[in-house]
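>>> can't give you the sequence, but here's the structure:
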């Protein structure tokens, strides 16, 4: 059976997983480590298991590395399961049990694009859509990743992704999530609230999830675990640090006026719809901080 067939096999779970998604660089990793700090919730690294063309294609060795989980057991589970959904359910439940948690959660930003699949196989799932000011997201996406592993060492990158692709990604991913806004299984969390009004935002979220409040979610940055090892996962080291609101409004120095006009043309309507701007009269402050030059190859 090929991957497409394995993914499409019927399976309906009675589990109540938490699924996190949204446009990349919106705070999904930060929310992941916060929820993973809760005594009832296991939210490990990105598994990508729900995604089309990726999911079941991830080699057991890679899942084992990400989750610090026995590779032989992962291979055994894949052999035992008749579908990708069943494997996802059993693997993440077993991982949660191994960490002493009773409920599993999965954070992959692109989950937002496959909610129809997720809800078809996990009808009791709850989806948390993380949204951030698109102007700040674009400033972050264009420079992501900032680090990569080279020969086992965390190395600084000089990434400069095309701004049009970044804007279009934000619009596409946010709209994909908003399509489920009226679904009772949907909950929206703003990055700005998460870092500026953290306790109340998490209290509201945990109430939606049916989980009790626990102070451990506020001390997420003090928790050590294999799934937060920055040597293994170098792309979001800031998500394991104490909270900071310094990235809110970074677009003011991260966009040129020309780029701001481009953003307005492609995404201005959505920005206003979400309440991040009243109209299109906003402007950056003109102090755009350009990327350092990429060193010439030796």
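Done, it's in. Keep in mind that what you see is a predicted model, and the values were worked out from it rather than measured.
>>> Just the pLDDT at residue 231, thanks.
Note on residue 231: pLDDT of 45.
>>> whoops, residue 256 was the one
Per the predicted model, pLDDT is 94 at residue 256.
>>> can you list the weak-confidence ranges in the stretch 51-200 of the chain?
Counting by pLDDT under 70, the low-confidence segments of the stretch 51-200 of the chain come to 53-57, 144-159.
>>> just the helices in it please.
Using DSSP state H, counting those that start in this stretch, the helices of the stretch 51-200 of the chain run over residues 60-67, 71-80, 84-98, 115-121, 134-141, 163-178, 191-196, 198-209.
>>> Next, the angle from the second one to helix 84-98.
Computed with axes from the mean of the first three to the mean of the last three Cα atoms, to 10 degrees, the direction of helix 71-80 lies at 140 degrees from that of helix 84-98.
>>> which strands and helices sit next to helix 71-80?
helix 60-67, helix 84-98 (3 or more Cβ pairs under 8 Å, 6 or more residues apart in numbering; DSSP states H and E). From N, CA and C alone the C-beta is placed, and that goes for glycine too.
>>> can you pull the buried residues of it?
Across helix 71-80, burial judged by 16 or more other Cβ atoms under 10 Å covers 74, 77, 78.
>>> mind checking how far it is from the chain centre?
26 Å (Cα atoms, centre = their mean, to the nearest Å).
>>> what does it rub up against?
Contact with helix 71-80 is made by 56, 60, 61, 63, 64, 87, 90, 91, 94, as judged by Cβ atoms under 8 Å, 6 or more residues apart in numbering.
>>> okay, now the last one: neighbour count?
Read that as residue 94. Using other Cβ atoms under 10 Å, residue 94 is surrounded by 15 other residues.
>>> The fifth one now?
The burial count assigned to residue 64 is 16, neighbours taken as other Cβ under 10 Å.
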